[in-house]
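**Q** sequence and predicted structure, then a few things I'm wondering about:
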Amino acid sequence: MHIGIVACSAEGAALCYRTICDEAPAFMGRHRHPEVSMHTHCLADYMQHVYTENWQGVAGLMLSSANKLKASGADFLICPDNTIHHAFDLMAPQSPLPWLHIVEEVANVAKQHGFRKLGITGTKYTMEGTVYPQKLGATGIDYVTPNADERTRIDDIIFNELVAGIFAPESRAYFQQVIERMKDAGCDAVVLGCTEIPLIVDDASSPLPTLDSTRLLARAAIRKALE
């Protein structure tokens, strides 16, 4: 099946695309991967709506990309961006194609691994929003978010560094500090709930096992494409 990627930020979308192309050959054969198309409106267009919490405006941009990907021949859609999933329920009823939901994929894998309490990292809209609590609650998984000061610093790192491809050692150290505190609070895994965070934190550098939302979505898309 033909995968359509509704992209938002370049770094997260690129990691998702590369994961599909890098990991599909294990299932399909050397150099093989499903057909993939991507469309993105510029990040500034999304952020002007996100900053004012105009989720209907975000949904309109997602739907615009969905229609263009439908016209390109895509069979189903994914969006490697946790923040704009706040608009998912506004957009989905009008979508011309079915979607995989990034947070549902994270919750499913967390349940499969038997994790009971997750630390949530991401933009402030993800850490303070309702999408992760709703999806984790449906699977009976508890969660912890960083405190207010930590949420502000993490949000700054994401929007001032990671989306621009800047990966500073001191920012990695800060993520490690926050994750260590969530480990002390009883978390048994941490969600990398912004699709750029896996570019600076991974299992080797994290005090907790990581749930990499970007790669988990990409792997789910490979499985779906091969059904």
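**A** Thanks, I have it.
**Q** quick one, strands of this structure?
**A** 3-7, 36-40, 76-78, 117-121, 142-144, 189-192, 210-212 (DSSP state E).
**Q** pipe those into JSON lines and attach mean pLDDT per row.
**A** Formatted as JSON lines, the strands of the chain follow (pLDDT from 0 to 100):
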{"stretch": "strand 3-7", "mean pLDDT": "97"}
{"stretch": "strand 36-40", "mean pLDDT": "97"}
{"stretch": "strand 76-78", "mean pLDDT": "98"}
{"stretch": "strand 117-121", "mean pLDDT": "95"}
{"stretch": "strand 142-144", "mean pLDDT": "94"}
{"stretch": "strand 189-192", "mean pLDDT": "95"}
{"stretch": "strand 210-212", "mean pLDDT": "95"}
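**Q** make TSV from these and add distance to Asn160 and mean neighbour count to it.
**A** Quick note: C-beta positions are derived from backbone N, CA and C, even for glycine. Putting these into TSV (distance: least, C-beta to C-beta, whole Å; neighbours: other C-beta atoms under 10 Å) gives the following:
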stretch	distance to Asn160	mean neighbour count
strand 3-7	20	25
strand 36-40	20	18
strand 76-78	26	23
strand 117-121	16	25
strand 142-144	25	16
strand 189-192	18	27
strand 210-212	22	23
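**Q** could I get these as JSON lines with distance to Met62?
**A** Output for those, formatted as JSON lines (distance: least, C-beta to C-beta, whole Å):
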{"stretch": "strand 3-7", "distance to Met62": "6"}
{"stretch": "strand 36-40", "distance to Met62": "10"}
{"stretch": "strand 76-78", "distance to Met62": "9"}
{"stretch": "strand 117-121", "distance to Met62": "22"}
{"stretch": "strand 142-144", "distance to Met62": "25"}
{"stretch": "strand 189-192", "distance to Met62": "21"}
{"stretch": "strand 210-212", "distance to Met62": "22"}
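**Q** and Phe159, which of those strands is closest to it?
**A** Across the strands of the chain, Phe159 has its closest neighbour in strand 117-121 (13.8 Å, C-beta to C-beta).
**Q** partners of the closest one in the sheet?
**A** strand 142-144 (parallel), strand 189-192 (parallel) (DSSP bridges).
**Q** between the strands of the chain, which one is closest to Leu69.
**A** Comparing the strands of the chain under C-beta to C-beta, the one sitting nearest is strand 3-7, at 3.5 Å.
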